[in-house]
Each structure stands twice: as C-alpha cells, then as structure tokens.
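Student: here is the input, now give the coordinates:
(2 chains)
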Amino acid sequence: MVNTKVNLSGITIDNPVIPASGTFGFGYEFAEIYDINCLGTFSFKGTTKEARFGNPTPRIAECTSGMINSVGLQNPGVESVKAIELPKLKEVFHKPVMANVSGFSIDEYTYTCQALDDEPQIGWFEVNVSCPNVHGGGMSFGTSPESAAEVTKAVKKVTTKPVFIKLSPNVTDIVSIAKSCEDAGADGISLINTLLGMRIDLKTKKCVVANKMGGFSGPAIFPVALRMVYQVYEAVKIPIIGMGGVSCAEDVIEMMLAGATAVQVGALNLVEPFACKNIIDNLPDVMKKYGINDLNEIIGGAH
Amino acid sequence: MKQQFFTITKNIKIAKDVMLMRLCGDTSDITKPGQFVNLKIDGQFLRRPISVCDYTKDTLTLVYKIVGVGTQIMSEYGVGTKLDILTGLGNGYDTQLSGSSPLLIGGGVGVPPMYNLCKVLIAEGKTPTVVLGFNSKDDVFFEDEFKTLGAKVLVTTADGSYGIKGFVTDAMKDIDYDYFFTCGPEAMFKAIEKTVATSGQYSFEERMGCGFGACMGCSCKTKYGNKRICKDGPVLTREEIIW
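Tutor: Numbering: from 1, shown residues only, chains lettered A, B, ... in the order given. You can find the predicted model right below:
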C-alpha cells in the first residue's frame, strides 16, 4: 500500500492531483460524470470582485499538443460565487477547495479574498497575479517582484488561510518573483500559468482568437513548467504547486521530483473529462513501478 | 454526457467537401435533435464538435464539412476505425414549443441537424416544411432524404445553379408556418431574423474548448444572462438572442 497523501500548508490531501483553475468551473460539470471527491482538491474558477463576461469570442485555438485560450476571467463575481456557486459545490464536493482569486487593483484582490475568507469550505487561496488575458490586469502584478510582493502582503493581511501566489511564466526571472512573494509572506507558490501565445488562420489571414493573443497550455508546455518548478524549488522554502501540461501519473511524479508538493492538471480536463480521475487511479501503480512508497519522499528528489 | 468508443461503418463523400460518417456505438445520452458530439481526432489536442444528423439506439450519423485539419483527418478515416466520442452534448431543439406547421431552415453545413429534427417533428404529428440553402449545385445534399421522411422540401442556391435562385429567405416568402427552427451561418440568421414573424430557435456554432460547459470558451450574452453555447446552447430561442 503506497502513500499518496501530502500535506499542503497544514491540510492533508488524499493525493496531490488538483484540477487547475479555469478548467474545472465550480466542479459540478465534472460531478455529473464522476465522483469528484476522489480529487486531492480543486482550484475553482478565477473569481473577481465584479462579475466579468471576459473577452470576445472566438476564445479558443488548437495548437500542437496544446491549446490557446483567451477566456478573460469570465466569472459571476465574488458575491454570486458565495451565494450560488459555493452552496452548489458543497452538494457535490466535501473537501476543502482552493479559491482562485484575480484582481485589477490591490483593493480588488483584498476585497475578494476578504469576502471569501469566512467560507468554511475554502482551504487555501490561490492568488492569480499572472493571467495574461486581461489588458492592464493581473499581468502587471506578476511581472515584477515588487508588485507581486505588494499583492501578497495585502492579501495576507485580510486572510486567515494559506495563500499561494500563482505566477506567470511570461517574465525574465520567475525565481526572483517567487522569492519576493515568499519574503512578503506567501504560504506557497503555484506555477506556471499559461504562456502567451498566438495562432493565425491561413484562410482568413487573421488571428484565430478575437483577443489576438491568449494563454498557451497543454502537454507542450510541460518541460518549461518543470524547469521553472525546479528553479523555484532551489530558491524558496515554501511549498510549490506545480502545473503546466501535466497529462499522466508519470508527469505528476516528475513534477514532484522537480520540487512540487502538489500538482495541478489543466488543459487536459477539457479534452479528457476523466483525466484527473484516471491519473489518481493510475498513480499507485506508477509509484510501484518506480519503487516509490511515499510521495512525500520524492518532493524535490531530483535536486 | 458519456465518453464512448464508436466504430466507423461508413465515411463517404455526399457533396463538395461534405462527408457522411456513420458509426456504431451507444447513443443513449443523445436525447434531443440538435445536440452534438465531440470527437477525439488523431494528432489534434482539442476535440471537434460535430452536430448529430441522426441516431438510433446504436448508430450515429454525422454529416460534416471538411473545413480544416481536424475534419480533413476525419474524412480520411476508414471503415472499422474506432473513435473516442463524448456524446449527448448541448441542449438541443425543444420541439414542444412548435406549432403544427414548423419551418426548418438549414444553411450549408447547418443542414444535418435539421434531419433528425424533421424526423422527430413528423413523429409528433407535425407537418414540417424544409428550406435548404446552399451556394451552388455541387454543395447540395440531403434533398431526397428529407423528401423520404415526408417533408415538403425547397432548395435554394445562391448562384441559381440548382433549385430556387437566391437565399433561404427568398424561398421562405410563400410558406405558411407557425414556428421555425434553423441552423447555419450567422449571416443567414441575420437575414432570417429580418424575415420571420413567428417564434423560433436558432442553433449557434462557436469554437469550443471542452464542449461540456467547463472552460467558458464559447460564452455569449443573451437577454437572460451569459450562456455557454456548448452547454446552455447551442440552441437559443429567438426571444433571448441579442443580435
């Protein structure tokens, strides 16, 4: 019997597999097809102070081993999340959930986090300072160590729960930004968000997504994500949630060897709705295959 | 929604760039005309949403146009190929809202979902009239199939090379109907919207990430709030659409 349990900032989760924000809604589309209580937890749809429609369509483009999205943080707003989404979620998911929060000013971040802090089902905050989709939005906070630290400090002041800062890979030095968040009091780091990308349609000779650019995700970005997790692990002491193109139990183990305590699965949920369940089901066998009895023993094992 | 493996039993060309694929598998999650399926295609990351043309308990018929890499690969699949398909997606048409004389308007690759819809309406005792719009004679398909179902069929071509010259709206002028259902390009929808006097339902197309409501890739604004084309649609009622 292998141990897949890991401790994420004081909360033990049954396994390190976490559907990533924006690929799992508030859980209930997936709860229609499998019991989502098998998950370690999941990171719910990025929530902002006000309701947002997001970017114009088309928002999606095919890529080799991946996809581009420019959804633009569509969400019903924090009041509606509290009043409608979380009560519905509670019916189908009985574990602590990760609250993914975005904002366009420090005040918006703190407003949203404060509003969600008293929700009993929320176990952690995951603060997105990196969404590349919104002009003048999250991007600016995640691209400098100073502004990322400013968000971290402000959010930490108004929350009682562990705060993970979710970083953008579209920066020159992700390690200095991670370090700066740790120094500002972050309880953990999530990385990576999507890479900025683009596709052009040869027939129309125009960009495929209406917003021209979007976030590139999927198996193609796994090596980039793995490298960044490895680098950040060397620089910080706080736990890391590794994500970016994770597609199978082997990828989960590889991410953990690079330094992740838990692992998120994103784009794959959209094309393989049973992806996370399958990864969780396969994980013990893959662990046995590689002689791993306890996942805790392999975190950062490649260093 | 169900994830099922289907086996191709037929994959043939029926018009210019238009293919008919018949598959064998469990269709139990398809419950209404106008729903769609999402197919895993070799070498492609995203699935490809294709409207259901017709189905029985264990067969699925898809009629699709070769428009890009995904549908090109689909067109090359041979009989016996197994495909991983998510079935029973989308809300589908609500036939209960229709009167006894519905008008069905299909434009180009919007024609296929009209077929099962027509079948269902006839089974409900209604007498549908079908208008099929194409660009040219080489594009025309399914005229006989609709006639075989027992529907009155009018075909239009934009260049006049077959049937009535002009657009679907030119054929609609002289038809008596009490409700309409349509699927096709948005330019056609806008022309229909100016012509019709009754209530009706439009089926929309959009680039999708997941096809089952998770990613918010295909959202649109309606008079009743934001909707996801894949989950809350693809069929929207005329009353809720913001043009």
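Student: quick one, helices of chain B?
Tutor: Ranges of helices in chain B, per DSSP state H, are B:69-76, B:112-123, B:143-149, B:168-172, B:186-195.
Student: identify the residues contacting the longest one?
Tutor: What that stands for is helix B:112-123. Helix B:112-123 is contacted by residues B:33-34, B:36, B:51-55, B:61-64, B:93, B:95, B:98, B:102, B:104-106, B:128, B:130, B:132, B:142, B:145-146, B:149-151, B:181, B:183, B:203 when judged by C-beta atoms under 8 Å, 6 or more residues apart in numbering or on different chains. Placement of C-beta: from N, CA and C, glycine included.
Student: can you flag the buried ones in these?
Tutor: Buried subset of these (neighbour count, 16 or more other C-beta atoms under 10 Å in any protein chain shown): B:33-34, B:36, B:51-55, B:61-64, B:93, B:95, B:98, B:102, B:104-106, B:128, B:130, B:132, B:142, B:145-146, B:149, B:151, B:181, B:183, B:203.
Student: from the residues you listed, which land in strands?
Tutor: The members of these that map onto strands under DSSP state E are B:36, B:51, B:54-55, B:61-64, B:102, B:104-106, B:130, B:132, B:181, B:183, B:203.
Student: now the longest strand along chain B: mean pLDDT?
Tutor: Criterion DSSP E: the longest strand present in chain B is strand B:2-15. Strand B:2-15 carries an average pLDDT of 97.
Student: go on, stretch A:227-246?
Tutor: Here stretch A:227-246 scores 98 as its mean pLDDT.
Student: give the buried residues for that stretch.
Tutor: A:228-233, A:236, A:238-246.
Student: now for residue B:221: which residues touch it?
Tutor: By C-beta under 8 Å, 6+ apart, the contact set of residue B:221 is A:53, B:227, B:242.
Student: at 7 Å instead, please
Tutor: By C-beta atoms under 7 Å, 6 or more residues apart in numbering or on different chains, the contact set of residue B:221 is A:53, B:242.
Student: tell me the residues of the stretch 101-250 of chain A that contact chain B?
Tutor: Contacts of the stretch 101-250 of chain A with chain B, taken as C-beta under 7 Å from any C-beta of the partner chain, map to residue A:218.
Student: what ranges do the helices span in the stretch 101-250 of chain A?
Tutor: Using DSSP state H, counting those that start in this stretch, the helices of the stretch 101-250 of chain A run over A:106-117, A:138-142, A:145-158, A:174-183, A:222-235, A:249-258.
Student: give me the phi and psi for residue 58.
Tutor: Picking chain A for this. Backbone geometry at residue A:58, expressed as degrees, to the nearest 10, gives phi -70, psi 140.
Student: oops, wrong one, chain B.
Tutor: According to degrees, to the nearest 10, residue B:58 has phi -130, psi 20.
Student: could you report the neighbour count for it?
Tutor: Counted with other C-beta atoms under 10 Å in any protein chain shown, residues neighbouring residue B:58 total 12.
Student: thought it was touching residue B:22?
Tutor: No. Using C-beta atoms under 7 Å, residue B:58 makes no contact with residue B:22, being 11.1 Å away.
Student: can you pull out the low-pLDDT segments for the stretch 151-300 of chain A?
Tutor: Within the stretch 151-300 of chain A, no stretch has pLDDT under 70.
Student: export the longest strand of chain B to PDB, keeping only CA atoms.
Tutor: Coordinates of the C-alpha atoms in strand B:2-15 are reproduced here as PDB (Å, rounded to 0.1, in the frame of the first residue of the first chain):
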ATOM      1  CA  LYS B   2     -20.900  10.000 -21.900                       C
ATOM      2  CA  GLN B   3     -17.500   9.100 -23.200                       C
ATOM      3  CA  GLN B   4     -17.800   6.200 -25.600                       C
ATOM      4  CA  PHE B   5     -15.900   4.400 -28.300                       C
ATOM      5  CA  PHE B   6     -17.700   4.200 -31.700                       C
ATOM      6  CA  THR B   7     -16.700   2.200 -34.800                       C
ATOM      7  CA  ILE B   8     -17.000   3.800 -38.200                       C
ATOM      8  CA  THR B   9     -19.200   1.800 -40.600                       C
ATOM      9  CA  LYS B  10     -19.400   4.300 -43.400                       C
ATOM     10  CA  ASN B  11     -17.500   7.500 -44.300                       C
ATOM     11  CA  ILE B  12     -18.400   8.800 -47.800                       C
ATOM     12  CA  LYS B  13     -18.500  12.000 -49.700                       C
ATOM     13  CA  ILE B  14     -22.000  13.200 -50.400                       C
ATOM     14  CA  ALA B  15     -21.300  16.700 -51.800                       C
END
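Student: okay, buried residues for it please.
Tutor: Neighbour-count burial for strand B:2-15 flags B:2, B:4, B:6, B:8-9, B:11, B:15 (criterion: 16+ other C-beta under 10 Å).
Student: write out the residues of chain B neighbouring chain A.
Tutor: For chain B, the residues in contact with chain A (C-beta under 7 Å from any C-beta) are B:1, B:3, B:44-47, B:206-210, B:212-219, B:221, B:226.
Student: of these, buried ones?
Tutor: B:1, B:44-47, B:206-210, B:212-219, B:226.
Student: sketch out the low-pLDDT regions of the stretch 1-150 of chain A for me.
Tutor: Flagging of the stretch 1-150 of chain A using pLDDT under 70 yields the residue ranges A:131-139.
Student: how does it look with 80?
Tutor: Counting by pLDDT under 80, the stretch 1-150 of chain A shows low-confidence ranges at A:130-140.
Student: so what are the domain limits for chain B?
Tutor: What automatic domain parsing lists as the domains of chain B is B:2-89, B:95-203.
Student: can I get the ones you listed in TSV including distance to residue A:26?
Tutor: Shown next, in TSV, are the domains of chain B (distance: least, C-beta to C-beta, whole Å):
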stretch	distance to residue A:26
domain B:2-89	19
domain B:95-203	27
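Student: contacting residues for the residue nearest to residue B:52 when sequence neighbours are not counted?
Tutor: Of all residues not flanking residue B:52 in the chain, residue B:35 sits nearest, at 5.4 Å (C-beta to C-beta, 6 or more residues apart in numbering or on different chains). The contact partners of residue B:35, taken as C-beta under 7 Å, 6+ apart, are B:52, B:88-90, B:92.
Student: can I get the residues you listed in a markdown table with distance to residue A:217?
Tutor: Converted to a markdown table, the contacts of residue B:35 look like this (distance: C-beta to C-beta, whole Å):
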| residue | distance to residue A:217 |
| --- | --- |
| B:52 | 29 |
| B:88 | 26 |
| B:89 | 22 |
| B:90 | 24 |
| B:92 | 30 |
